[in-house]
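Trainee: Show me the folded form of this:
(one chain, ligands or ions: 1)
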Amino acid sequence: MPEPTYDFFDVHVLRTRRLSATLLRVVLGGPGLSRVVSGGRDQRLKLFLPQDGQERPILPDVLDIDWYPRWRALDPEVRGVMRTYTVRDVRSEPVEVDIDFALHGDTGPASRWANRAVPGDRVTLLAPVVPDNGGVDFQPPDGTDWVLLCADETALPAVAGILEWLPAGTVVKAWVSVGDPGDRIALPTKCQADVTWVTRPAALPEAVAAADLPPGTPYAWLAGEAALVRDVRRHLVGSRGFPRPAVAFAGYWRRGSSEDALLSVT
Ligand SMILES: Cc1cc2nc3c(=O)[nH]c(=O)nc-3n(C[C@H](O)[C@H](O)[C@H](O)COP(=O)(O)OP(=O)(O)OC[C@H]3O[C@@H](n4cnc5c(N)ncnc54)[C@H](O)[C@@H]3O)c2cc1C
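Mentor: Prediction:
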């Protein structure tokens, strides 16, 4: 039997901190969290949230490798709400995990929960316990000369993690679409990073299309709202001649669809 790469952790909110107009950092702690190992970059995890009126998320009694069909079999009105987020940071002393939420009002359970989060609030994580866990998409191959990043606020935590992780001197061109000039955050890095903030209604794909790109072998990573990611990918592959395998992309959310709706069609 292979060793599990992810495990469940019952955790609680230690504190929250506003990072920008839209981003809220939620710092989590709890028993066993020292086993969480992040691969860095855009490391993903699953978050299970209580339904309104519950004190903690309801999950199947047995949480082994077959947890997913068991969770799906529970009443959707009762079972913990599952959402996907980025592990922004894991610290060891004290043991803490940071998740940065792009708040979008009360339209979704995760944003609604984060908006109201106070110390002691309980959630469950399905988090990585080994570095090579299949939950990191940013994988530039050997021979990459420069890196192109495109993101919106939901993928800004991943962009911050990628810029922290990349070796000193890496040439990076990044575009980040935000809704408010107050969404700009510091992005510490040892890279030669050129970050363009595109405040909506200005369109990120148009900003990329108008740019001069560096010479050499590119690796692109695109994440955020699904249509934004689709448009930039089309441009890079169709107009700029990027080889398909050199473009990693992920729709982090889809306008008009909750993550539950996206799950039920996959
Ligand atoms: C691998 C991965 C990593 C991710 N990491 C992060 C992260 O670190 N931080 C983060 O904030 N998000 C992240 N996301 C995106 C997040 O999972 C979605 O935004 C999710 O839909 C939020 O859940 P919700 O319950 O708030 O809204 P849902 O119930 O899923 O959706 C309700 C409504 O809100 C809309 N909506 C969802 N997100 C947004 C948004 N940001 N702005 C405006 N409208 C929205 C939907 O289209 C829908 O109409 C990540 C997604 C993936 C796949």
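
Trainee: What parts of the stretch 51-200 of the chain come near the ligand?
Mentor: The interface of the stretch 51-200 of the chain toward the ligand, taken as CB under 6 Å from any ligand atom, is made up of 83-86, 100-102, 104, 107-111, 154, 157. Quick note: C-beta positions are derived from backbone N, CA and C, even for glycine.

Trainee: mind running it again at 5 Å?
Mentor: 83-86, 101-102, 104, 107-111, 154, 157 (CB under 5 Å from any ligand atom).

Trainee: Just the ones of the residues you listed in strands?
Mentor: For those, membership in strands holds for R83, T84, Y85, T86, F101, A102, with DSSP state E as the criterion.

Trainee: which residues in the stretch 51-200 of the chain form strands?
Mentor: Residue ranges of the strands in the stretch 51-200 of the chain, as given by DSSP state E, counting those that start in this stretch, are 81-86, 89-91, 96-102, 122-128, 146-152, 171-178, 192-199.

Trainee: Now mean pLDDT too, for those, in TSV please.
Mentor: Written out in TSV, the entries for the strands of the stretch 51-200 of the chain read as follows (pLDDT from 0 to 100):
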stretch	mean pLDDT
strand 81-86	98
strand 89-91	97
strand 96-102	98
strand 122-128	98
strand 146-152	98
strand 171-178	98
strand 192-199	98
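
Trainee: Of the ones in strands among the residues of the stretch 51-200 of the chain next to the ligand, just the buried ones, PyMOL syntax please.
Mentor: Applied in PyMOL, the following selects the buried portion of those according to 16 or more other CB atoms under 10 Å:
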select buried, resi 83+84+85+86+101+102
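
Trainee: Can you name the next helix or strand after the host helix or strand of A248?
Mentor: Taking DSSP states H and E as the definition, one finds A248 inside strand 247-253. Elements were assigned by DSSP H and E; along the chain past strand 247-253, the next helix or strand is helix 259-264.

Trainee: so what secondary structure elements neighbour the lowest-mean-pLDDT helix or strand in the chain?
Mentor: Counting by mean pLDDT, DSSP states H and E, the chain has its least confident helix or strand at helix 259-264, which shows a mean of 82. When contacts are defined as 3 or more CB pairs under 8 Å, 6 or more residues apart in numbering; DSSP states H and E, helix 259-264 sits against strand 81-86.

Trainee: which residues are in contact with the strand it packs on?
Mentor: The list of residues contacting strand 81-86 from outside it, by CB atoms under 8 Å, 6 or more residues apart in numbering, reads 42-51, 57, 71, 99-101, 109-110, 155, 157-158, 161, 252, 259-260, 263.

Trainee: count of neighbours near T189?
Mentor: Under the neighbour criterion other CB atoms under 10 Å, T189 is assigned a count of 19.

Trainee: For the ligand, see how far away it is.
Mentor: 18 Å (CB to the nearest ligand atom, to the nearest Å).

Trainee: now the closest residue to that residue other than its chain neighbours: how far from the ligand?
Mentor: With CB to CB, 6 or more residues apart in numbering as the measure, L163 is the residue that lies nearest to T189, at 3.8 Å, once sequence neighbours are left out. According to CB to the nearest ligand atom, L163 stands 15 Å off from the ligand.

Trainee: quick one on the thing from earlier: looking at the strands of the stretch 51-200 of the chain, which is closest to L28?
Mentor: With CB to CB as the measure, strand 96-102 is the member of these nearest L28 (4.7 Å).

Trainee: Would you give the sheet partners of that closest one, along with the direction of each?
Mentor: Taking DSSP bridges as the criterion, strand 96-102 sits next to strand 23-29 (antiparallel), strand 89-91 (antiparallel) in its sheet.
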